[in-house]
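Asks: Just a sequence and a predicted model for now, questions to come.
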2 protein chains.
Amino acid sequence: MPISSSDRPFAGKTAAIIGGGVIGASWAALFLVNSLKVIVSDPDPEVEPKVKAIVAAALPALEELGYNIADVERNLSFESDNSQAVIDAYLVQECGPEKPAFKQALWKAIEAAAPKNALLCSSSSTIPASVQFTEMTDQSRLVVGHPFNPPHLMPLVEVVPTPKTTPEVTAQALAFYNGIGKVAREIKKEITGFVANRLQAAIFRESVFLVSQGVVTLDELDDVVTNSLGIRWATSGPFLSFHLGGGPGGLTHFIEHLGPPMEAAWQHLGTAAFDDATKALLTEQLGRSYGTTSFYALSETRDAKEVAVINGLSAVEAAA
Amino acid sequence: MPISSSDRPFAGKTAAIIGGGVIGASWAALFLVNSLKVIVSDPDPEVEPKVKAIVAAALPALEELGYNIADVERNLSFESDNSQAVIDAYLVQECGPEKPAFKQALWKAIEAAAPKNALLCSSSSTIPASVQFTEMTDQSRLVVGHPFNPPHLMPLVEVVPTPKTTPEVTAQALAFYNGIGKVAREIKKEITGFVANRLQAAIFRESVFLVSQGVVTLDELDDVVTNSLGIRWATSGPFLSFHLGGGPGGLTHFIEHLGPPMEAAWQHLGTAAFDDATKALLTEQLGRSYGTTSFYALSETRDAKEVAVINGLSAVEAAA
């Protein structure tokens, strides 16, 4: 359904994006259709055409999701000096290299230059804010706002405070991301991989195990997932699925009756490693399956399907 | 899109369903809209109204998927005697109790009564065909045809041959399920849980671990999944996701560069058990989240969303 102007509570505010790679540029597209002023800061002299190309490629999908994309690029600007870029920032969204020393020095500089109440968020998937804030004077201000790739399409943002983050900062971050149409959830402890990537690692380990054992090929395993678990988990997560799978007795009944076999199943799960034999097998199967189609064609199909799934789910929620 | 009559290559053939529980009745609905004659065999004297109620509840969703549901129930009949039920069967779809001795005796009786070329499939999720076929004369005929619940909606069927199954029988089972609109994939080894349920167990173990550690609540974890991984995996499975996540270098590039951190992430994954503290925590969180909505309302929303996702994906595939 179309996004109305009342759905853009942060219209007119300034977002400074530090780092103009694919994540930063995807954030830029999303912020622009939410009517924010966007300043991208990156030392790369070629950053402007690169970001503009990614934004232009992202806008049609955002339009399909209901956003008005007309002329939004007019609010996009570039400033190579980080300190200059953040002067009027409501939000600083850091998307720089995944290097602790880089981020530590960056936040020191940003803290000195940005407004005192600016929201300071790192997109990092691997470096918790408590590792990034070491050179900051007020360490209570920094959180991770980790998107799920690509940020302009995927609803999830994992907001990960540190033990020093104030509840107000966490609440402000959640309110901002939810206000621009994301589904933000607080991750209450700084744990490696946060939540989504840990779950992804868990399923990928078993996937590599099953392919390495010759149970299925990699493309067959993908077909299994897209035609069963993917559909299920797009509509209801692991707990709700088993809550409903347990019948009217729900999850309590499920754990009572199927808990012991589930615990036994956990014991049967495999382990995996990217040893030479596994790498050779995956590469060979890849060549015979996805390797025969271009990266761009595969990506285009995936993006179109993601938009269709998101819109299909939104329509059901709107009708409920 | 509407399913045309040319999409029903098994029209007029007879399917005997052994066991009229929720799985058997869901299969019945799917077979009926594919214009098969369906005979349900179950010793329960109340089976007829129970199956008819489940079929009636399933038909609207099948209509939304494009099937013509008008008057399909005329092809549904009941026969409590297994041997009578299978006399004209093109397919026997076993959906009985998950007890090895029951299935072993059943297949002996069915083999004696069914046509020599009938396709013999078990819906079992836990008992491989090589455990079920011990009393059969021709053990090469039996396979598992394991659906993903609910069978009338979820595309996946895992076809699991035994070491004795002939390639012709496996091919016939795949052709049948694909011919009635399912996505059937061969599982090449009889492994506990087959593929989909192993992957589900892997993600559920990590889910229970994260909730037990207080990282998120169970409903927050579900929101993480439905707003990120679920959408991703509904459109592309774990391998294709990382193939595209690796950029134009694909999965090969991904394994080379992100393989070592992925192996490290596997080492960080948690373990879980349904101990008393975990059960109490899950029950308490359940009460405050899903427990406040009726089972039927939650199920209805899930079903509507599943249909929306399946139709959204079909539309993209039809347009490609």
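Replies: Okay, I see it.

Asks: Which residues of the stretch 1-150 of chain A lie near chain B?
Replies: A:126, A:148-149 (C-beta under 8 Å from any C-beta of the partner chain). Yep, even glycine has a C-beta here, placed from its N, CA and C like the rest.

Asks: nearest to chain B, of the residues you listed?
Replies: Of all the residues of the stretch 1-150 of chain A next to chain B, residue A:148 has the smallest distance to chain B: 3.9 Å, by C-beta to the nearest C-beta.

Asks: my guess is that closest one meets residue B:228, correct?
Replies: Yes. Using C-beta atoms under 8 Å, residue A:148 makes contact with residue B:228 at a distance of 3.9 Å.

Asks: list the residues that contact both of those two?
Replies: A:154-156, A:196 (C-beta atoms under 8 Å, 6 or more residues apart in numbering or on different chains).

Asks: How much space separates residue A:184 from residue A:175?
Replies: As judged by C-beta to C-beta, to the nearest Å, residue A:184 and residue A:175 stand 8 Å apart.

Asks: Now do the domain split for chain A, please.
Replies: For chain A, the structural domains run A:14-186, A:196-288, going by automatic domain parsing.

Asks: any chance of those domains in TSV, with mean pLDDT too?
Replies: Converted to TSV, the domains of chain A look like this (pLDDT from 0 to 100):
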stretch	mean pLDDT
domain A:14-186	97
domain A:196-288	95
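
Asks: Output those as JSON lines; include the columns mean neighbour count.
Replies: Formatted as JSON lines, the domains of chain A follow (neighbours: other C-beta atoms under 10 Å in any protein chain shown):
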{"stretch": "domain A:14-186", "mean neighbour count": "20"}
{"stretch": "domain A:196-288", "mean neighbour count": "20"}
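
Asks: circling back to that earlier point, now, which of the residues of the stretch 1-150 of chain A next to chain B sits nearest residue A:261?
Replies: Distance ranking of the residues of the stretch 1-150 of chain A next to chain B against residue A:261, using C-beta to C-beta, places residue A:148 first at 31.6 Å.

Asks: OK, contacts around that closest one?
Replies: So residue A:148 contacts A:154-158, A:196, B:227-229, B:232 (C-beta under 8 Å, 6+ apart).

Asks: State which helix of chain A is the longest.
Replies: helix A:295-319 (DSSP state H).

Asks: Run through the neighbouring helices and strands of that helix.
Replies: Contacts defined by 3 or more C-beta pairs under 8 Å, 6 or more residues apart in numbering or on different chains; DSSP states H and E place helix A:295-319 against helix A:47-64, helix A:229-235, helix B:229-235, helix B:238-245, helix B:295-319.

Asks: who touches that helix?
Replies: Counting by C-beta under 8 Å, 6+ apart, A:1, A:61, A:64-65, A:153-155, A:234-235, A:290, B:226, B:231-232, B:234-236, B:240, B:243-244, B:247-248, B:250, B:301, B:304-305, B:308-309, B:311-313, B:315-316, B:319-320 sit against helix A:295-319.

Asks: 7 Å instead?
Replies: Residues outside helix A:295-319 that contact it (C-beta atoms under 7 Å, 6 or more residues apart in numbering or on different chains) are A:1, A:61, A:64-65, A:153, A:234-235, A:290, B:231, B:234-236, B:244, B:248, B:250, B:304-305, B:308-309, B:311-313, B:315-316, B:320.

Asks: ditto for stretch A:77-91
Replies: With contacts defined as C-beta under 7 Å, 6+ apart, stretch A:77-91 is touched by A:10, A:13-16, A:18, A:39-43, A:47-48, A:92, A:106, A:109-110, A:113-115, A:118-119, A:121, A:176.

Asks: hang on, the earlier thing: CSV please, covering the residues of the stretch 1-150 of chain A next to chain B and showing secondary structure.
Replies: Formatted as CSV, these follow (DSSP: H, G, I helix; E, B strand; the rest coil):
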residue, secondary structure
A:126, coil
A:148, coil
A:149, coil
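
Asks: State the distance from residue A:288 to residue A:84.
Replies: 52 Å.

Asks: Give the helix, strand or coil label for residue A:121.
Replies: Classification of residue A:121 using three-state DSSP returns strand.

Asks: Pretty sure it sits against residue A:147.
Replies: No. If you go by C-beta atoms under 7 Å, residue A:121 and residue A:147 don't touch, sitting 9.9 Å apart.

Asks: who's in contact with residue A:224?
Replies: Residue A:224 neighbours (C-beta under 7 Å, 6+ apart): A:216, B:156, B:185, B:195-196.

Asks: host element of it?
Replies: Assigned by DSSP states H and E, residue A:224 belongs to helix A:218-226.

Asks: quick one: that helix to helix B:238-245, angle?
Replies: Angle, helix A:218-226 to helix B:238-245, by axes from the mean of the first three to the mean of the last three C-alpha atoms, to 10 degrees: 100 degrees.

Asks: Just the CA atoms of helix A:218-226, as CSV, please.
Replies: Coordinates of each C-alpha in helix A:218-226 appear next as CSV, following Å, rounded to 0.1, in the frame of the first residue of the first chain:
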residue,chain,number,x,y,z
LEU,A,218,23.3,-27.6,-2.8
ASP,A,219,20.6,-26.5,-5.2
GLU,A,220,18.3,-29.3,-4.0
LEU,A,221,18.8,-28.2,-0.4
ASP,A,222,17.9,-24.6,-1.5
ASP,A,223,14.7,-25.9,-3.1
VAL,A,224,13.8,-27.8,0.1
VAL,A,225,14.1,-24.6,2.1
THR,A,226,12.4,-22.2,-0.3
